[in-house]
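Engineer: Make a model of this:
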Amino acid sequence: MKNIILISLVILIFLGGAWVSYLIFGPSQDKVQINSQTILQSLQSRGFLVTETYTADQKVTIDNRTGSFWKDLAWGQLITASALMKVGLGIDLMKLKPEDVIVSGRKAKINLPEIEVQSVELAGAISLKNDQGILKMVLDSDDGYNQALGQLKEGVKTAATSQEVKSLARKSAEGEIGRLVGFLSPDLEIEFIWPL
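Structural biologist: Predicted structure coming up:
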């Protein structure tokens, strides 16, 4: 009988110790309060969020001729170039200000900055044809690469900032930001406001 009482006492002490340990070291019941500042800091920590990649086969013709036969024969230049170009579009979340994120109950309004171009780069080699006048070829040979690259970049940048591409980038940004905020508070309803 003494053994049963001793074993029962040991089991009670063990269970009591386990219960006290759970109370002290167990999971916290405190939930992190999601507010405007929490969401703002989380979004700003992402920096620039690329939401759309626009790729296009861009072509350009640069005519550095005057129209005079003799001048063009000596100094004229006609450059034709094409290349596969890639543009990264998105939003700079560092531009968000405290007044851009408003949380009220289970709803949040986020005023987002405008979609902008983050990068313009070559996605392959430039195919370049350069017809130069005789004297230009001998005295001032310019392959036209830099001039062609500059105009190719400007052309694809203009095409990438069309309303259609910006609309795709906005939709993608809303999805990404919705996922980021969803990690903080899955049941928060988000309304996105874009600049006009």
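
Engineer: Might you report the residue contacts of the spatially most central residue of the chain?
Structural biologist: Nearest residue to the geometric centre of the chain (C-alpha atoms, centre = their mean): residue 50, 1.4 Å. Applying C-beta atoms under 8 Å, 6 or more residues apart in numbering to residue 50 gives the contacts 88-90, 118. Every residue, glycine included, has its C-beta placed from N, CA and C.

Engineer: same question, residue 115
Structural biologist: Residues in contact with residue 115, defined by C-beta under 8 Å, 6+ apart, are 51-52, 89-91, 166, 169-170, 173.

Engineer: any idea how far residue 24 is from it?
Structural biologist: Here the criterion is C-beta to C-beta, to the nearest Å. By it, residue 115 lies 51 Å from residue 24.

Engineer: Kindly report the same for residue 75.
Structural biologist: Remark: distance between residue 75 and residue 24 (C-beta to C-beta) = 87 Å.

Engineer: ok, now which ones touch residue 169?
Structural biologist: 51-52, 89-90, 115.

Engineer: Could I have the CA atoms of the helix of greatest length in the chain written out in CSV?
Structural biologist: The longest helix of the chain (DSSP state H) is helix 2-25. Extracted in CSV, the C-alpha atoms of helix 2-25 (Å, rounded to 0.1, in the frame of the first residue of the first chain):
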residue,chain,number,x,y,z
LYS,A,2,2.9,2.3,0.8
ASN,A,3,4.2,1.8,-2.8
ILE,A,4,0.9,2.8,-4.3
ILE,A,5,0.7,6.0,-2.2
LEU,A,6,4.3,6.8,-3.0
ILE,A,7,3.8,6.2,-6.8
SER,A,8,0.5,8.3,-6.7
LEU,A,9,2.4,11.1,-4.9
VAL,A,10,5.2,11.1,-7.5
ILE,A,11,2.7,11.1,-10.4
LEU,A,12,0.8,14.1,-8.8
ILE,A,13,4.0,16.0,-8.2
PHE,A,14,5.1,15.3,-11.8
LEU,A,15,1.7,16.4,-13.3
GLY,A,16,1.7,19.5,-11.1
GLY,A,17,5.2,20.4,-12.2
ALA,A,18,4.2,19.9,-15.9
TRP,A,19,1.1,22.1,-15.4
VAL,A,20,3.1,24.9,-13.7
SER,A,21,5.8,24.7,-16.5
TYR,A,22,3.1,25.0,-19.2
LEU,A,23,1.7,28.1,-17.5
ILE,A,24,5.1,29.7,-17.3
PHE,A,25,6.7,28.6,-20.6
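
Engineer: Show me which residues of the helix or strand just after that helix are buried.
Structural biologist: Sequence order places helix 36-44 as the next helix or strand after helix 2-25, per DSSP states H and E. The neighbour-count check on helix 36-44 (16 or more other C-beta atoms under 10 Å) flags 36, 38-40, 42-43 as buried.

Engineer: State the mean pLDDT of helix 36-44.
Structural biologist: Helix 36-44 comes out with an average pLDDT of 90.

Engineer: returning to that earlier point: between residue 75 and residue 24, which one's more packed in?
Structural biologist: residue 75 (19 against 7; other C-beta atoms under 10 Å).
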